[in-house]
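[1] Predicted model follows, preceded by the sequence.
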Amino acid sequence: MAITHFELRKRYKKFMIERGHVEVPPIPLVPKDDPTTLFTGSGMQQFMPNLLGEIHQSGTRLFDIQPCIRAQDIEEVGDNRHTTSFEMIGNWSLGDYFKKEQIAWLFEFLTQQLELDPHKLFVSVFKGIDGIPADEESIAIWQSVFQKIGIDAKLGERIFTYDTKNWWSRAGSPSEMPSGEPGGPDSEVFYDFGTPHDLAFGPECHPNCDCGRFMEIGNSVFMEYLKQPDGSFTPLPKKNIDFGGGFERLLAANNDNSDVFLTDLYKEIMQAVELASGKQYASENKMPMRVIADHIKASTFLIKQGVVPSNKEQGYVLRRLLRRAAIKMRELNGHLTPSDEFEEIVSAVLRTYSGEGLYFDTWGEDRELIFPVIQEEMCRFGKSLDKGLKEIEKMEEVNAKQAFDLYQSYGFPVEITEELLQQKGKKLDRDAFRAEFEKHRALSRTASAGMFKGGLADQSEQTLKYHTATHLLHQALFDVLGNDVRQEGSNISAERLRFDFYHVSKPTEDQIKQIELILNKKIAEELPVSFVILPKDEATKLGAKSFFKEKYPDQVKVYYIGNTLETAYSKEFCGGPHVKNTKEIGSFSLYKMEKIGANMFRIYAR
């Protein structure tokens, strides 16, 4: 029997708590103080420092349900399983239990809590590569859990082995890992929907086949090796588990239907898309309707967290999502839909994810916040389309490069370009356009991949300096500007740090100079940087600052800068890592400040 997304949340939380795990709140979609990624793209991002040795304030058995955005999947959306906006369930063992418990518990959860037919579950394990042996232990454990319910899990029939597909490290395959980097094999679980194999994808079907029969629903990473300077691998003294399961995909498996857009997470959203487009979710309408549903959902989540359309970073992704949704709506109804028609889709997203402590508990207020942003962008896009039309009317010929420039500059759909050319008796070379498009997409994917390591993957010396400097800057802003200062976000690169904050008035030049003097004074005082783990309420009473957009667990890690917690200059809720002493930061300058919104300001420092 199909379960609701609320029921899945309840069952997962209960199952993990019964096995000694502590729930950790999800982090924001735009990670704070993480220079390596545009968005939170997996549940493990916030735990990366802990997987590398940092102590977690909530213990060694953790779990969460994390909303995610993966911008590099935008062009993949339209089939029955890819989305840019999704949730991940996850559990972690930090030097606690390992393969035996993880595999047995996962199998129990899937077959008893989710009630999946075990005959439809298939798994993959690490085959061995670069001198690292095959993961025989996981194979034996999987065979044992299947055997207990009467299934003979043979290699090549129910258990399949792969090399790099079943290896995880931040750097990639074992040969790509630098010395000192941890990594390990992983084991994926697939659900078999039983659809006939398409020979276009190879003579034989297997779990990692792209024909659509199998869908990956979860992956357990066994972080157990450390790469040595000579290229060999030795066992880690403390082995970790990192499990991630696709929330929407687990619901699809529970439905025994491979279309994630038919789960109850999308039921009301898709009904709103049908109403706005005047079309039914069927046959050729499915692809554009899936894009609209996913992109408006992703946009709603991003705007809630303060992202606005722009031509840079997160804002650029949001703009792409909204404009692509508008174009797909045009494909369905033949005209650029008035922005008001998207309001009910936004409302459907808010209703779906409200209640029971979810993400939009004040959804009426959220709609007033979110929809005007979408409405303004849709109106702006309409004007861009008008500009594109004027540009194309000036052109006698439109080659593939020009058609792509229209698409890139104005969001001008190639289909519209083709229609206009046909009216002039011309034809666009679609193969050449596709080549231009793929060239751009390859560059975009490379850029996205470079920003998707996640979880403070860049723990360089300079990044740690800037991370600690944000704490000093935060407190200095309070010292000079007063208690109404509120941090709105931060971004760190190897070249500079960027700090966004709210204040009732624009800081003066003298105030900025005063803040800079305080920063350098505290650096020169050579203050130690330490942390303690405390109950959240106690940390708040001690004056520790927190990022208001982030939820925190009952036990929090507080980093303080000073000789003692009581006398420390700065105290903040933070997972780390940081430098050991402020003298490591060196001199510091605030070289730019700008207004970015109503009572919102941005400081650049280096």
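    Yes, it's here.
[2] sec struct for Met287, please.
    For Met287, the assignment made with DSSP: H, G, I helix; E, B strand; the rest coil gives helix.
[3] so what's the residue lying closest to it once chain neighbours are set aside scoring on pLDDT?
    Of all residues not flanking Met287 in the chain, Gly78 sits nearest, at 4.3 Å (C-beta to C-beta, 6 or more residues apart in numbering). Any C-beta I mention is one placed from the backbone N, CA and C, and that applies to glycine too. On pLDDT, Gly78 comes in at 87.
[4] just the helices in the stretch 51-200 of the chain please.
    For the stretch 51-200 of the chain, the helices defined by DSSP state H, counting those that start in this stretch cover 99-108, 136-147.
[5] go on, the stretch 251-400 of the chain?
    Under the criterion DSSP H, counting those that start in this stretch, the stretch 251-400 of the chain carries helices at the ranges 264-277, 286-304, 313-333, 343-352, 363-394, 400-410.
[6] what helices or strands is the first one leaning on?
    Packed against helix 264-277, as judged by 3 or more C-beta pairs under 8 Å, 6 or more residues apart in numbering; DSSP states H and E, are the following elements: helix 247-255, helix 286-304, helix 313-333, helix 343-352.
[7] quick one, it and helix 247-255 angle?
    Helix 264-277 runs at 100 degrees relative to helix 247-255, counting by axes from the mean of the first three to the mean of the last three C-alpha atoms, to 10 degrees.
[8] Can you point out the buried residues in helix 264-277?
    In terms of neighbour count (16 or more other C-beta atoms under 10 Å), helix 264-277 has its buried residues at 264-266, 268-270, 272-274, 276-277.
[9] likewise the fifth one?
    Residues 363, 366-367, 370-371, 373-375, 377-378, 380-381, 385, 388, 391-392 are the ones in helix 363-394 that count as buried (16+ other C-beta under 10 Å).
[10] where do the strands sit along the stretch 51-200 of the chain?
    61-69, 85-94, 121-126, 159-162, 167-168, 182-192 (DSSP state E, counting those that start in this stretch).
[11] so which of the ones you listed gets nearest Phe342?
    Taking C-beta to C-beta, strand 85-94 is the member of the strands of the stretch 51-200 of the chain nearest to Phe342, at 15.5 Å.
[12] Give me the pLDDT for Pro85.
    For the record, residue 85 is Ser, not Pro. According to the model, Ser85 scores 95 on pLDDT.
[13] Please give me every residue in contact with it.
    Taking C-beta atoms under 8 Å, 6 or more residues apart in numbering, we find Ser85 in contact with 67-69, 294, 297-298, 301.
[14] got a winner among those for most neighbours?
    Counting neighbours by other C-beta atoms under 10 Å, Ala298 leads the contacts of Ser85 with 29 neighbours.
[15] which residues does it contact?
    Here Ala298 is in contact with 69, 83-85, 321 (C-beta under 8 Å, 6+ apart).
[16] same question, Gly244
    Counted by C-beta under 8 Å, 6+ apart, Gly244 has contacts 42-44, 88-90, 218-219.
[17] Using TSV, lay out these together with distance to Tyr569.
    Below are these laid out as TSV (distance: C-beta to C-beta, whole Å):
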residue	distance to Tyr569
Ser42	35
Gly43	34
Met44	32
Met88	37
Ile89	39
Gly90	35
Gly218	45
Asn219	43
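[18] Dump these to TSV, plus neighbour count and pLDDT.
    Formatted as TSV, the contacts of Gly244 follow (neighbours: other C-beta atoms under 10 Å; pLDDT from 0 to 100):
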residue	neighbour count	pLDDT
Ser42	20	89
Gly43	28	88
Met44	22	87
Met88	24	97
Ile89	22	97
Gly90	26	97
Gly218	23	97
Asn219	19	97
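[19] For Asp186, state which of these is nearest.
    Distances from Asp186 to these, taken by C-beta to C-beta, are shortest for Asn219, at 5.5 Å.
[20] Look up how far Lys148 lies from that closest one.
    Counting by C-beta to C-beta, to the nearest Å, the gap between Asn219 and Lys148 amounts to 22 Å.
[21] Over to Leu517?
    Distance, Leu517 to Lys148, using C-beta to C-beta: 68 Å.
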